[in-house]
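Student: just the structure for this:
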Amino acid sequence: MQLSIIIINYNTFELTCKCIQSLYDKIVNLQFEIILVDNASVECDPQLFKQRFPGIKLLASPVNTGFTGGNNLGVENASGEYLLLLNSDTELINNAPLICLDYLKAHKEVGMVTCQLIYPDGRIQYNCRRFRTIGWELLEVFPFYKLLPKAKREALMLHHYFDHQSFMDCDWVWGAFMLFPRSIVGQLPSQKLSADFFMYCEDTLWCWDFKQLGYKIHFLPEAKVMHVHKGSVSKDKWIKIRTTSIRNHAIFMKKFYPDWRWYIFAAVYFTKQYGALWAGKIFKK
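Tutor: Predicted structure coming up:
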């Protein structure tokens, strides 16, 4: 088996079905398996997935183990040489898994590859990021980066400062699409994806772990996937979720700054993030 595609479902039956169908429609010239982890959904009987897609491997967890726990369960039951963590609210636009897999095979120094993510209306999502260092945060407040040439400015800042139309070597990427060799999991400290967070910021942490092992993380715009984004999240829960994400990211940054510098980072970061939350800007895409 070349590739194991791991999808986590939590009360998103229709979205997940569209995701799975797109895999069968778009992937060619690649031996793959689909591992669907149902995280104790109450929407419907998870066996309905097997009725619609008999070829998938269904893992019905009796408890909700979150995004991290669900993916680790999928990894434990995967037989592929490579793994793709794929959000349930995505649909392939082209043969993105094969594009990324071929690239990964040709570049042994690269430990993870991601694709270009696109909203249903065609807008580009900013899934290619730098770690939020003190310097990065201050550059947003005092934007001296604007004095740099466009290419250097984009590479320095990424996020929405990068148009996501060209190749990029980045620090971390969204967990919506992460393709990597299974062998790297065995090199991680706990020999599984770090489970510090139930949900939110776990993708940042996983990329940090990969980079600590010396691997690069690359963004390939030619591989394209439609991502509903927040498709598994109700609007009434978004403020709570965003607050959790802010807190988790601050906790993660203690790894980056294990000394007094973390307090400087936290002061700048919390002021910016909670200020945006209170101003209502957090609801803008």
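Student: now do the same contact list for C201.
Tutor: Contacts here follow CB atoms under 8 Å, 6 or more residues apart in numbering; on that basis C201 touches 245, 248-249, 251-252. Any C-beta I mention is one placed from the backbone N, CA and C, and that applies to glycine too.
Student: find the nearest non-adjacent residue to it, please.
Tutor: Nearest residue to C201 in three dimensions, chain neighbours excluded: N248, at 3.6 Å (CB to CB, 6 or more residues apart in numbering).
Student: same check on N29?
Tutor: Ranked by CB to CB, 6+ apart and with sequence neighbours excluded, the top spatial neighbour of N29 is L98, at 6.2 Å.
Student: quick one: the one you found from D25, how far?
Tutor: Distance, L98 to D25, using CB to CB, to the nearest Å: 13 Å.
Student: quick one, which of these two is more surrounded?
Tutor: The neighbour count for L98 versus D25, taken as other CB atoms under 10 Å, is higher for L98 (18 against 10).
Student: the more buried one: helix or strand, and which one exactly?
Tutor: helix 96-106 (DSSP states H and E).
Student: if you count contacts, what does that helix end up packed against?
Tutor: The contact analysis (3 or more CB pairs under 8 Å, 6 or more residues apart in numbering; DSSP states H and E) places helix 96-106 against strand 3-9, strand 82-86, strand 110-118, strand 177-181, strand 216-227.
Student: picking that back up, the residue nearest to C201 reaches I241, doesn't it?
Tutor: No - using CB atoms under 8 Å, N248 is not in contact with I241; the gap is 10.5 Å.
Student: check what pLDDT the closest residue to R261 other than its chain neighbours gets.
Tutor: Nearest non-adjacent residue to R261, counting by CB to CB, 6+ apart: I134, 6.5 Å away. Note for I134: predicted pLDDT of 91.
Student: now for I134: which residues touch it?
Tutor: 257, 261, 264-265, 268.
Student: same check, this time on C44
Tutor: Here C44 is in contact with F13 (CB under 8 Å, 6+ apart).
Student: related to what we said a few turns ago, distance-wise, check the residue nearest to R261 relative to K57.
Tutor: Distance from I134 to K57, by CB to CB: 44 Å.
Student: which residues are in contact with the residue nearest to N29?
Tutor: Counting by CB under 8 Å, 6+ apart, the residues that L98 touches are 27-30.
Student: show me how to select, in ChimeraX, the buried members of those residues.
Tutor: The ChimeraX command for the buried members of these (criterion: 16 or more other CB atoms under 10 Å) is given here:
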select :27
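Student: ok, which stretches of this structure are helices?
Tutor: 13-26, 47-52, 66-76, 96-106, 134-141, 150-157, 182-185, 202-212, 238-256, 261-279 (DSSP state H).
Student: what would those helices look like in JSON lines with distance to L220?
Tutor: Shown next, in JSON lines, are these (distance: least, CB to CB, whole Å):
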{"stretch": "helix 13-26", "distance to L220": "16"}
{"stretch": "helix 47-52", "distance to L220": "29"}
{"stretch": "helix 66-76", "distance to L220": "21"}
{"stretch": "helix 96-106", "distance to L220": "6"}
{"stretch": "helix 134-141", "distance to L220": "23"}
{"stretch": "helix 150-157", "distance to L220": "16"}
{"stretch": "helix 182-185", "distance to L220": "18"}
{"stretch": "helix 202-212", "distance to L220": "15"}
{"stretch": "helix 238-256", "distance to L220": "25"}
{"stretch": "helix 261-279", "distance to L220": "29"}
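Student: what's the closest of those helices to S41?
Tutor: helix 13-26 (7.6 Å; CB to CB).
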